[in-house]
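K.L.:
sequence plus predicted model, see below.
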Amino acid sequence: MAYAIALPEIEIAIEAIRVLAADCTRMNSQLLTSALERDKRFALLEPVSDAKALIAAVMEEKPAVVIVSAHLDDDPRKGFEVARELRALRPETRVVMLLDSSDRSQVVEAFRVGARGVFCRTESMKALAKCIQRVSEGQVWANSKELRFLLEALGEAMPMRIVDSRGAGLLSRREQEVVRCVAEGLSNREIAQRLGLTEHTVKNYLFRIFDKLGVSKRVEVVLYAYSMGNTPDAMPLPEVMPEQAALQAL
(Lines give C-alpha, C1' and ligand atoms only; values in the text may rest on other atoms or scores of the structure.)
Protein backbone atom coordinates (compact mmCIF):
# COMPACT_ATOMS: atom_id res chain seq x y z
CA MET A 1 0.00 0.00 0.00
CA ALA A 2 1.36 3.41 -0.94
CA TYR A 3 1.05 6.41 1.29
CA ALA A 4 1.23 10.06 0.32
CA ILE A 5 3.18 12.08 2.84
CA ALA A 6 2.68 15.83 2.88
CA LEU A 7 5.97 17.60 3.44
CA PRO A 8 6.11 21.14 4.81
CA GLU A 9 6.89 23.81 2.26
CA ILE A 10 10.40 25.18 2.50
CA GLU A 11 10.83 28.85 1.78
CA ILE A 12 14.16 29.86 0.32
CA ALA A 13 15.12 33.38 1.29
CA ILE A 14 16.70 35.33 -1.53
CA GLU A 15 18.77 38.25 -0.35
CA ALA A 16 17.76 41.53 -1.94
CA ILE A 17 20.36 43.32 -4.05
CA ARG A 18 21.64 46.40 -2.24
CA VAL A 19 21.44 49.36 -4.60
CA LEU A 20 22.57 52.96 -4.18
CA ALA A 21 21.41 55.71 -6.55
CA ALA A 22 23.39 58.91 -7.09
CA ASP A 23 21.77 61.24 -9.59
CA CYS A 24 22.63 64.85 -10.46
CA THR A 25 20.22 66.36 -7.93
CA ARG A 26 18.80 65.26 -4.60
CA MET A 27 15.28 65.19 -6.04
CA ASN A 28 16.33 63.07 -9.03
CA SER A 29 18.14 60.64 -6.74
CA GLN A 30 15.07 60.32 -4.54
CA LEU A 31 12.72 59.81 -7.50
CA LEU A 32 15.00 57.13 -8.94
CA THR A 33 15.23 55.39 -5.58
CA SER A 34 11.46 55.50 -5.08
CA ALA A 35 10.84 53.99 -8.51
CA LEU A 36 13.29 51.12 -7.90
CA GLU A 37 11.91 50.43 -4.42
CA ARG A 38 8.80 48.97 -6.05
CA ASP A 39 10.90 46.03 -7.23
CA LYS A 40 11.22 43.58 -4.35
CA ARG A 41 14.50 42.23 -5.72
CA PHE A 42 16.24 45.41 -4.58
CA ALA A 43 17.04 46.94 -1.21
CA LEU A 44 17.52 50.65 -1.86
CA LEU A 45 19.89 52.65 0.32
CA GLU A 46 19.49 56.31 1.21
CA PRO A 47 20.07 58.24 -2.04
CA VAL A 48 22.90 60.74 -2.48
CA SER A 49 23.61 63.43 -5.05
CA ASP A 50 27.24 64.50 -4.64
CA ALA A 51 30.57 62.75 -5.12
CA LYS A 52 31.82 62.98 -1.53
CA ALA A 53 28.60 61.58 -0.07
CA LEU A 54 28.54 58.82 -2.69
CA ILE A 55 32.03 57.56 -1.90
CA ALA A 56 31.35 57.70 1.83
CA ALA A 57 28.07 55.77 1.41
CA VAL A 58 29.68 53.07 -0.72
CA MET A 59 32.47 52.52 1.81
CA GLU A 60 30.03 52.40 4.74
CA GLU A 61 26.99 50.63 3.25
CA LYS A 62 28.81 48.38 0.73
CA PRO A 63 26.09 48.23 -1.95
CA ALA A 64 26.27 45.56 -4.64
CA VAL A 65 25.37 48.01 -7.41
CA VAL A 66 25.71 51.79 -7.63
CA ILE A 67 23.86 53.84 -10.22
CA VAL A 68 26.01 56.91 -10.88
CA SER A 69 24.98 59.87 -12.99
CA ALA A 70 27.73 61.08 -15.28
CA HIS A 71 26.75 64.58 -14.14
CA LEU A 72 27.56 65.20 -10.45
CA ASP A 73 28.52 68.30 -8.45
CA ASP A 74 27.51 70.56 -11.36
CA ASP A 75 30.23 68.87 -13.42
CA PRO A 76 29.11 66.88 -16.51
CA ARG A 77 32.12 64.54 -16.14
CA LYS A 78 32.39 64.17 -12.38
CA GLY A 79 30.58 60.82 -12.42
CA PHE A 80 33.36 59.27 -14.48
CA GLU A 81 35.97 60.40 -11.96
CA VAL A 82 33.92 58.93 -9.14
CA ALA A 83 33.46 55.62 -10.99
CA ARG A 84 37.23 55.33 -11.44
CA GLU A 85 37.77 56.05 -7.74
CA LEU A 86 35.15 53.50 -6.70
CA ARG A 87 36.81 50.85 -8.83
CA ALA A 88 40.05 51.44 -6.93
CA LEU A 89 38.48 51.69 -3.46
CA ARG A 90 35.86 48.94 -3.70
CA PRO A 91 36.06 46.89 -6.91
CA GLU A 92 33.40 44.43 -5.72
CA THR A 93 30.77 47.18 -5.96
CA ARG A 94 29.60 47.31 -9.57
CA VAL A 95 28.86 50.64 -11.24
CA VAL A 96 26.11 51.39 -13.74
CA MET A 97 26.71 54.75 -15.43
CA LEU A 98 23.54 56.78 -15.93
CA LEU A 99 23.74 58.86 -19.12
CA ASP A 100 21.47 61.58 -20.48
CA SER A 101 21.98 60.13 -23.97
CA SER A 102 23.94 57.32 -25.60
CA ASP A 103 26.76 59.61 -26.63
CA ARG A 104 29.70 57.70 -28.09
CA SER A 105 32.41 59.40 -26.03
CA GLN A 106 30.49 58.95 -22.79
CA VAL A 107 29.70 55.29 -23.43
CA VAL A 108 33.33 54.54 -24.20
CA GLU A 109 34.58 56.53 -21.21
CA ALA A 110 32.16 54.76 -18.87
CA PHE A 111 33.65 51.37 -19.67
CA ARG A 112 37.18 52.75 -19.58
CA VAL A 113 36.75 53.98 -15.98
CA GLY A 114 35.39 50.61 -14.89
CA ALA A 115 31.60 50.76 -15.22
CA ARG A 116 29.98 47.36 -15.65
CA GLY A 117 26.99 48.80 -17.46
CA VAL A 118 25.70 51.94 -19.15
CA PHE A 119 22.09 53.06 -19.07
CA CYS A 120 20.39 55.94 -20.88
CA ARG A 121 17.62 57.93 -19.16
CA THR A 122 15.39 57.52 -22.23
CA GLU A 123 15.01 53.80 -21.51
CA SER A 124 12.36 52.26 -19.28
CA MET A 125 12.52 51.51 -15.55
CA LYS A 126 11.84 47.87 -16.43
CA ALA A 127 15.02 47.83 -18.49
CA LEU A 128 16.96 49.53 -15.68
CA ALA A 129 15.80 46.87 -13.22
CA LYS A 130 17.00 44.16 -15.59
CA CYS A 131 20.29 46.00 -16.01
CA ILE A 132 20.84 46.11 -12.25
CA GLN A 133 19.99 42.42 -11.89
CA ARG A 134 22.42 41.36 -14.62
CA VAL A 135 25.24 43.61 -13.46
CA SER A 136 24.85 42.31 -9.90
CA GLU A 137 25.36 38.80 -11.32
CA GLY A 138 28.70 39.83 -12.78
CA GLN A 139 27.57 40.44 -16.35
CA VAL A 140 28.12 43.52 -18.49
CA TRP A 141 25.20 45.60 -19.77
CA ALA A 142 24.93 47.72 -22.93
CA ASN A 143 22.53 47.97 -25.86
CA SER A 144 23.47 47.25 -29.47
CA LYS A 145 24.16 50.92 -30.33
CA GLU A 146 26.42 51.32 -27.32
CA LEU A 147 28.26 48.11 -28.19
CA ARG A 148 28.95 49.46 -31.68
CA PHE A 149 30.53 52.54 -30.13
CA LEU A 150 32.75 50.31 -28.05
CA LEU A 151 33.69 48.21 -31.07
CA GLU A 152 34.78 51.32 -32.93
CA ALA A 153 36.80 52.57 -29.99
CA LEU A 154 38.51 49.22 -29.54
CA GLY A 155 39.49 49.29 -33.19
CA GLU A 156 41.24 52.62 -32.64
CA ALA A 157 43.13 51.52 -29.54
CA MET A 158 46.85 51.09 -28.98
CA PRO A 159 48.82 47.80 -28.98
CA MET A 160 47.99 45.63 -25.99
CA ARG A 161 50.07 44.60 -23.03
CA ILE A 162 48.00 43.52 -20.03
CA VAL A 163 49.84 44.43 -16.84
CA ASP A 164 49.26 44.38 -13.09
CA SER A 165 49.27 47.39 -10.76
CA ARG A 166 53.08 47.42 -10.77
CA GLY A 167 53.32 47.41 -14.54
CA ALA A 168 54.48 43.78 -14.76
CA GLY A 169 53.12 41.70 -17.63
CA LEU A 170 50.41 39.24 -16.57
CA LEU A 171 50.33 37.09 -19.69
CA SER A 172 52.92 35.21 -21.68
CA ARG A 173 53.50 36.03 -25.34
CA ARG A 174 51.37 33.07 -26.45
CA GLU A 175 48.59 33.98 -24.01
CA GLN A 176 48.53 37.51 -25.40
CA GLU A 177 48.23 36.06 -28.91
CA VAL A 178 45.22 34.03 -27.75
CA VAL A 179 43.63 37.13 -26.20
CA ARG A 180 44.14 39.03 -29.44
CA CYS A 181 42.36 36.26 -31.33
CA VAL A 182 39.51 36.23 -28.80
CA ALA A 183 39.18 39.99 -29.24
CA GLU A 184 38.85 39.51 -32.99
CA GLY A 185 35.88 37.25 -32.34
CA LEU A 186 37.56 34.01 -33.42
CA SER A 187 36.24 30.68 -32.19
CA ASN A 188 38.50 28.17 -30.45
CA ARG A 189 38.82 26.24 -33.71
CA GLU A 190 39.80 29.37 -35.63
CA ILE A 191 42.31 30.35 -32.95
CA ALA A 192 43.83 26.87 -33.12
CA GLN A 193 44.15 27.10 -36.91
CA ARG A 194 45.74 30.55 -36.82
CA LEU A 195 48.26 29.73 -34.08
CA GLY A 196 48.99 26.16 -35.12
CA LEU A 197 47.58 24.65 -31.93
CA THR A 198 44.98 22.05 -31.03
CA GLU A 199 41.58 23.17 -29.76
CA HIS A 200 42.35 21.45 -26.47
CA THR A 201 45.50 23.54 -26.08
CA VAL A 202 43.56 26.72 -26.86
CA LYS A 203 41.04 25.84 -24.14
CA ASN A 204 43.86 25.31 -21.67
CA TYR A 205 45.31 28.70 -22.54
CA LEU A 206 41.91 30.31 -22.02
CA PHE A 207 41.49 28.69 -18.61
CA ARG A 208 44.91 30.03 -17.57
CA ILE A 209 44.08 33.49 -18.89
CA PHE A 210 40.75 33.54 -17.04
CA ASP A 211 42.52 32.49 -13.84
CA LYS A 212 45.26 35.13 -14.15
CA LEU A 213 42.82 37.94 -14.85
CA GLY A 214 40.16 36.81 -12.39
CA VAL A 215 37.42 36.60 -15.03
CA SER A 216 35.13 33.85 -16.27
CA LYS A 217 33.99 34.98 -19.73
CA ARG A 218 35.75 35.75 -23.00
CA VAL A 219 34.18 39.18 -23.29
CA GLU A 220 35.42 40.06 -19.80
CA VAL A 221 39.00 39.46 -20.95
CA VAL A 222 38.56 42.12 -23.61
CA LEU A 223 36.86 44.58 -21.28
CA TYR A 224 39.57 43.97 -18.67
CA ALA A 225 42.24 44.95 -21.15
CA TYR A 226 40.24 47.93 -22.37
CA SER A 227 39.51 49.29 -18.89
CA MET A 228 43.26 49.17 -18.20
CA GLY A 229 43.86 51.20 -21.35
CA ASN A 230 45.76 48.28 -22.90
CA THR A 231 43.91 47.21 -26.01
CA PRO A 232 45.27 45.90 -29.31
CA ASP A 233 44.82 47.29 -32.79
CA ALA A 234 41.49 46.26 -34.34
CA MET A 235 40.27 44.67 -31.13
CA PRO A 236 36.46 44.29 -31.31
CA LEU A 237 34.33 42.54 -28.73
CA PRO A 238 33.27 38.98 -29.51
CA GLU A 239 29.87 38.71 -31.17
CA VAL A 240 26.99 39.31 -28.74
CA MET A 241 23.22 39.43 -28.90
CA PRO A 242 22.06 42.30 -31.14
CA GLU A 243 19.43 43.82 -28.83
CA GLN A 244 19.58 45.15 -25.25
CA ALA A 245 21.11 42.34 -23.26
CA ALA A 246 23.73 41.32 -20.78
CA LEU A 247 26.90 40.03 -22.42
CA GLN A 248 26.88 36.29 -21.90
CA ALA A 249 29.77 33.83 -21.94
CA LEU A 250 30.76 32.92 -25.47
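P.N.:
Everything's here; your move.

K.L.:
so which residue is dead centre in the protein?
P.N.:
Arg116 (1.9 Å; C-alpha atoms, centre = their mean).

K.L.:
for that one, what are its contacts?
P.N.:
Contacts for Arg116 were tallied using C-beta atoms under 8 Å, 6 or more residues apart in numbering; they are 94-96, 135, 139-141. Heads up, the C-betas are built off the backbone N, CA and C, glycines and all.

K.L.:
among those, which are in strands?
P.N.:
94-96, 140-141 (DSSP state E).

K.L.:
among the residues you listed, find the lowest-pLDDT one for me.
P.N.:
The lowest pLDDT within these belongs to Val140, which sits at 84.

K.L.:
Ser216 is in contact with that one, correct?
P.N.:
No: if you go by C-beta atoms under 8 Å, Val140 and Ser216 don't touch, sitting 11.9 Å apart.

K.L.:
re earlier: ok, and the closest non-adjacent residue to the residue nearest to the centre of the chain?
P.N.:
Nearest non-adjacent residue to Arg116, counting by C-beta to C-beta, 6 or more residues apart in numbering: Arg94, 4.3 Å away.

K.L.:
what is the one you found paired to in the beta sheet?
P.N.:
Judged by DSSP bridges, the bridge partners of Arg94 are Val65.

K.L.:
what ranges does the protein have for its helices?
P.N.:
26-36, 51-61, 78-89, 104-112, 125-136, 144-155, 173-183, 188-195, 199-213, 218-227 (DSSP state H).

K.L.:
that older thread, dump the contacts of Arg116 to a markdown table, plus neighbour count and distance to Arg194.
P.N.:
Listed next are these as a markdown table, based on neighbours: other C-beta atoms under 10 Å; distance: C-beta to C-beta, whole Å:
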| residue | neighbour count | distance to Arg194 |
| --- | --- | --- |
| Arg94 | 25 | 34 |
| Val95 | 27 | 35 |
| Val96 | 25 | 36 |
| Val135 | 24 | 33 |
| Gln139 | 20 | 28 |
| Val140 | 25 | 26 |
| Trp141 | 24 | 31 |
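
K.L.:
and the two most separated of the residues you listed?
P.N.:
Using C-beta to C-beta, the contacts of Arg116 span at most 13.5 Å, a distance reached by Val95 and Gln139.
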